[in-house]
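> pasting the sequence and the predicted coordinates here, then a few questions.
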Amino acid sequence: MKRAFITGANKGIGLETAKQLLKKGFYVYLGSRDKQRGIEAVEKLKAENLTNVEAIQIDVTDENSVKNARIEIGKKSSVLDVLINNAGINGGAPYTALESSTAQFLSTFHTNVFGVASVTQAFIDLLRQSPEPRIVNVSTSVGSLTLQSDPNWLGYDFAKYAVYGSSKAALNMFTVHLAYELRDTAFKVNAVCPGYTKTDFTNHNGGEVEAAGKRIVKYALLDKDGVTGKFISEETNPTTGEIPW
């Protein structure tokens, strides 16, 4: 049975991704900053007869929490097949480059970039034990430098979130380097935008969470011929999925 670890998975897209992987026969470690909320999410899944799941407490901004999560999962399995770095924050208002505070930038980068690096480094040894290791960094088209500077992009005039967009652009760069460093291995590493989705993150505006989860799961299940080191947004590019950095 393949095993996956998803950060920020007690609700929204993370929870839906867990549900879909469970239905595909995975054992899922459901990461949650608040352990009780993680337990409650697991109970909901088990009520749907999805039982191969357990909650793992992890605050991706806390190195000790990340270390403890690695120890806990390591006690249960010597192999991890999929890591989905889903935990993220939007930085909050104000959203403009001239008004956003340094504290906003620091806290958002801490979660969206440094947290991803910390978790990935902590779990890379378990992932190396898998014959088909997959890493999905949950990103967004809002983090595309090319799209953000293109007046013809549909989101050009309303997707201007200086802190959030900057953090995801940095996450994309981390993804490029990670994929490069693992280029001669069986790893597949991609940045995937789940699309604008109805969750707490968007005040419940956007598309259905099932579609978002499906987009992430697709890249968690890539075969040996699958892409790596790519920036994917099937919402933006339904044909090939790939969008410019």
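Alright, I've got the coordinates. Residues are numbered from 1 along each chain as shown.

> C-alpha only now, for contacts and for neighbours.
Fine.

> how far is stretch 31-45 from where the chain is centred?
Centroid separation between stretch 31-45 and its chain, computed with Cα atoms, centre = their mean, to the nearest Å, is 17 Å.

> chain center to stretch 20-33, what's the gap?
That offset, for stretch 20-33, works out to 13 Å (Cα atoms, centre = their mean).

> try stretch 140-147
Chain-centre distance of stretch 140-147: 16 Å, with Cα atoms, centre = their mean.

> over to stretch 122-142?
9 Å.

> buried set for it?
If you call a residue buried by 16 or more other Cα atoms under 10 Å, then stretch 122-142 has these buried ones: 122-123, 126-128, 130, 132-142.

> just stretch 101-120 next, same as before
104-105, 107-120.

> which one of the residues you listed is nearest to residue 30?
Among the buried residues of stretch 101-120, residue 119 lies closest to residue 30 (Cα to Cα), at 13.8 Å.

> for the closest one, what are its contacts?
Residues counted as contacts of residue 119 (Cα atoms under 8 Å, 6 or more residues apart in numbering) are 60, 66, 85.

> wait, a helix at it?
Yes. Counting by DSSP: H, G, I helix; E, B strand; the rest coil, residue 119 is part of a helix.

> state the distance from it to residue 65.
10 Å (Cα to Cα, to the nearest Å).

> helices of this protein, start to end?
Assigned by DSSP state H, the chain shows helices spanning 12-23, 35-47, 63-76, 102-109, 115-128, 145-148, 162-181, 209-220.

> and of those helices, who's closest to residue 156?
Closest among these, using Cα to Cα: helix 145-148, at 5.9 Å.

> what comes into contact with that closest one?
For helix 145-148, using Cα under 8 Å, 6+ apart, the contacting residues are 141, 142, 153, 155, 156, 159, 160, 169, 244, 245.

> let's go with 10 Å and repeat that
141-142, 153-157, 159-160, 165-166, 169, 243-245 (Cα atoms under 10 Å, 6 or more residues apart in numbering).

> list the buried residues of that helix.
Result for helix 145-148 [16+ other Cα under 10 Å]: buried residues 147, 148.

> and that helix, average pLDDT?
Helix 145-148 shows a mean pLDDT of 98.

> re the thing from before, got any residues that touch both of residue 119 and residue 65?
With Cα under 10 Å, 6+ apart, residue 119 and residue 65 have common neighbours 58, 59.

> what about residue 76, neighbour count?
The local packing of residue 76 (other Cα atoms under 10 Å) involves 8 other residues.

> swap in residue 160?
16.

> in a markdown table: the contacts of residue 119, plus neighbour count and pLDDT.
Listed next are the contacts of residue 119 as a markdown table, based on neighbours: other Cα atoms under 10 Å; pLDDT from 0 to 100:
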| residue | neighbour count | pLDDT |
| --- | --- | --- |
| 60 | 29 | 98 |
| 66 | 22 | 98 |
| 85 | 27 | 98 |
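
> for the residue most central in space within the chain, give me its contacts.
With distances taken as Cα atoms, centre = their mean, the residue of the chain nearest its centroid is residue 86 (2.6 Å). The contact partners of residue 86, taken as Cα under 10 Å, 6+ apart, are 5-9, 13-15, 17, 31, 112, 116, 136-139, 192, 216.
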